[in-house]
Structures are given as structure tokens and as C-alpha cells.
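K.L.:
starting from these lines, generate the structure:
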Amino acid sequence: MDYFELSLVTCGVHKCFCGLFIFSIGLFKKVVIADTFALWATAGFDTATTLNLFEAWATSLSYTFQLYFDFSGYTDMAIGLALLFNIKLPINFNSPYKATNIQDFWRRWHITLSRFLRNYVYIPLGGNRKGEFRTYNNLLATFIIGGIWHGASWSFVFWGFLHGIALVIHRVWSKLGFKIWTWLAWIITFNFVNIAWVFFRAKEWDDAVKVLSGMIDIESMVFTKPFIYIYNNTFKQLSFMMPNLFATEDKTIMFGFDTFIWIAVILFIVLKFKNSYEITSYLDFNKSKILTKKYSVYFSLLFMFSVLCMSLSTYTEFIYFNF
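P.N.:
Sure, this is the predicted structure:
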């Protein structure tokens, strides 16, 4: 499988710069963003016995962002380190949460896995060459196998089943020529992916039911007192920004308005900012010294802040090391 390219050209300063920059982005994603959301996701899935509407949505969205920034973070770090040795690894994430349909999502998410499933499962099963009904079966089978690839658990199987069904529905919808507004298509796609991740994350069916039940429990629209951070140290004013840095075992690690501030800010970044691949492609195309100096400051700040956070952090989790 041709998954990476080894250039015969000597690795130049500019390529090393791009490698360091993309590595710094990846480190920032993992240490600053993913590890922050990890606290809220863990609190909701593993600690809380019940969740109200706000807490349930905070839990699911926290895991949605934790998973993306965790996996894409150390993918970026690997790509950046490889560039230092003049090895070009393939892009693995291309702003998947900007997708406006489920097919588009799988063209952007975990691209190497999607390519593998297509080439070694979907196409050998017959792909779309043997009629529509067979195509639907092949899509469903491919994603159920994709779920099993992540682990021998019914929650992974059901997650794969959901995505297979979604792809079948999308194909039928497209065949019939139906169209909806782009913004509505994005809302439907993003929320489907978010809900499906609940099954992916849940250790037990009861955990998934707990979160999903809370997400539709409109009568529970309230922030309860235990779900607000309480700190009695010199970092009180900063704790809402980086809870993973200042939390200790005797602190309450739950949800407050700060959680939704984080979610809103990160959602804005995900939707409006260029991803690391787009940034480095831009830098690779525009090799001016002024631009290089400008972005050198950026990656230096990202790297130093990430290292500082890593040294202070009390919680670190590498999700995809389990797969």
C-alpha cells in the first residue's frame, strides 16, 4: 500500500520548518484541546450517574472534539516528524466536522482507514457494480467490519451499523435527487456523527442510554451546583480556561458554563479556520521569508505553550492507542 512518499531531494530548511510547524499544531491539539475535553467526556460517561440536558450535550460534544483533536493531533505530530526526515505521510484528516453529508464525512475522517475499507472490503464485496440492493448490503457490511476493527464490542459494531445505515440513506436520498439547504445538511450530519460517537465511547449500553436520554430530557434544562468548578487556589481565575491543568483528585471535575464556552470556541475554530494540512500546503506554496518568520513565531508560541501545559497537566489520555 503506497501510504507514504520518500523524496529523493535533500530535505531543505523550508521543509523542516513546515515539519516543525505541523508538529507544534499537533502537540497543541493533543495537550491543550483534547486533554481539556477529555475531563468533561470522562466525567459524563464514567463518573456521573445521571445527566441533565446541558450536561448530556456537553458530554457528547466534549468526546466528539476530544476524539478528533486527540487522533488528528498525534497524526499531525507524526506527519511533522516525518517531514523532518523528508518523508511525506498521507493526510489523515481534512476538516471532517465541516462535512455536509455522511459520505463527505468519510472522505475527510481517518482517510487512510476509509481508503483501506474501500479497497480491501467494499470493492472485493462487489462495490456498486452489482445493483443497488447489493451496494446497500456492501456498504452496511463494510462499516460493520469497520466497527469490529476498532474492538470486539457490540457498541463498536452498532456504531459501524449506524454509519452504514446513514450511508445507505444518503445514497438513496441522492438517487432520488432530493436536496436541502447546506446549513441544514451540516447540522444533520454533525449531530448524527456526534450521537454515533456516544456508542463509540460508551463502555456499556447503560452509559450510552444515560447520555442519550439526557440529550432529549428537555425538562432537565438546568445547571446543578455540583457541575460547577470550585477551586481554592491561586489559579482560580484560570481554571475555567484549562481545567485539566489545575484539577486534582479532591476537586469536582464536572460541567459549567465554561464547558460551553470551550465548545463554542472550538466549534468556531473547526468550522472557520484552515486545518493543519491547508496551512502547511499554503506555506509550502508561498515560501517568502516574511511569511516564514511570521509563522515561526506562531509555531514557537504553540510549542512553548503546549510544553508548559504538558508539564502542568494532571490528566493525559491517548484514545487511539487502544486500537
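
K.L.:
burial of the closest residue in space to residue 72 that isn't next to it in sequence, as a residue count?
P.N.:
Nearest residue to residue 72 in three dimensions, chain neighbours excluded: residue 93, at 4.2 Å (Cβ to Cβ, 6 or more residues apart in numbering). Every residue, glycine included, has its C-beta placed from N, CA and C. Counted by other Cβ atoms under 10 Å, the residues lying close to residue 93 total 21.

K.L.:
secondary structure element for residue 93?
P.N.:
Following DSSP states H and E, one finds residue 93 outside all helices and strands.

K.L.:
residues in contact with it?
P.N.:
For residue 93, the contact set (Cβ atoms under 8 Å, 6 or more residues apart in numbering) comprises 68, 71-72, 75, 108-111, 275, 277.

K.L.:
report the lowest-confidence entry in those residues.
P.N.:
Among the contacts of residue 93, residue 277 carries the weakest pLDDT, at 83.

K.L.:
relative to residue 297, how far out is that residue?
P.N.:
Residue 277 sits 21 Å away from residue 297, going by Cβ to Cβ, to the nearest Å.

K.L.:
with residue 175 instead?
P.N.:
Counting by Cβ to Cβ, the gap from residue 175 to residue 297 is 51 Å.

K.L.:
ok, now residue 110?
P.N.:
Distance, residue 110 to residue 297, using Cβ to Cβ: 32 Å.

K.L.:
of these two, which one has the most company?
P.N.:
Shown here are residue 110 and residue 297; by other Cβ under 10 Å, residue 110 has more neighbours (18 against 9).

K.L.:
for the more buried one, give me phi and psi.
P.N.:
The phi and psi torsions at residue 110 (degrees, to the nearest 10) take the values phi 40, psi 60.

K.L.:
list phi and psi for the residue lying closest to it once chain neighbours are set aside.
P.N.:
Nearest non-adjacent residue to residue 110, counting by Cβ to Cβ, 6+ apart: residue 92, 6.2 Å away. Per-residue torsions, residue 92: phi -120, psi -20 (degrees, to the nearest 10).
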